[in-house]
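In: coords please:
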Amino acid sequence: LPPDTAMIRTALTHPAGPWKLSVPLIGAPMAGVSGGALAAAASNAGALGFVAVGHGADLAALDKEVAVFRAAAPERPLALGFISFSAVDHYKVLREVLARHRPG
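Out: Numbers count the residues shown, from 1 in each chain. Take a look at the predicted model:
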């Protein structure tokens, strides 16, 4: 459904909001499971798809998963999921990920 025909109106589905989802659902960023294909399927269905960053140890693999997402859902929003306690300890990885995949 297009965002202006959302069945439930929330901050996630509001037409003037940044996400423009048609359903207020968010895919979980599960390391090793939620890659670009799953995130694209969720996003193409009107939800918010997440690609798991995990600890950020393999940035080449992350780049590949983001490319898979962008090919399958080029106009849909993408979220990246970090393991928060790890991101605090590895801020250089966090900064690199954000530099490569800048929110827009």
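
In: Would you double-check that Ala79 falls in a helix?
Out: No: applying DSSP: H, G, I helix; E, B strand; the rest coil, one finds Ala79 to be strand, outside a helix.

In: For it, which residues are in contact?
Out: Ile26, Pro29, Ala39, Leu48, Gly49, Phe50, Val51 (Cβ atoms under 8 Å, 6 or more residues apart in numbering). For the C-beta atoms, the positions are set from N, CA and C on the backbone; glycine is no exception.

In: Secondary structure element for the second one, which one?
Out: To tie it back to what came earlier, the one meant is Pro29. Under the criterion of DSSP states H and E, Pro29 resides outside all helices and strands.

In: Can you report how many residues lie near it?
Out: If you count neighbours by other Cβ atoms under 10 Å, Pro29 ends up with 19.

In: beta partners for the closest residue to it other than its chain neighbours?
Out: Spatial nearest neighbour of Pro29, chain neighbours left out: Gly81 (2.1 Å); criterion: Cβ to Cβ, 6 or more residues apart in numbering. Beta bridges link Gly81 to Ala52 when assigned by DSSP bridges.

In: Kind regards, and thank you for your time.
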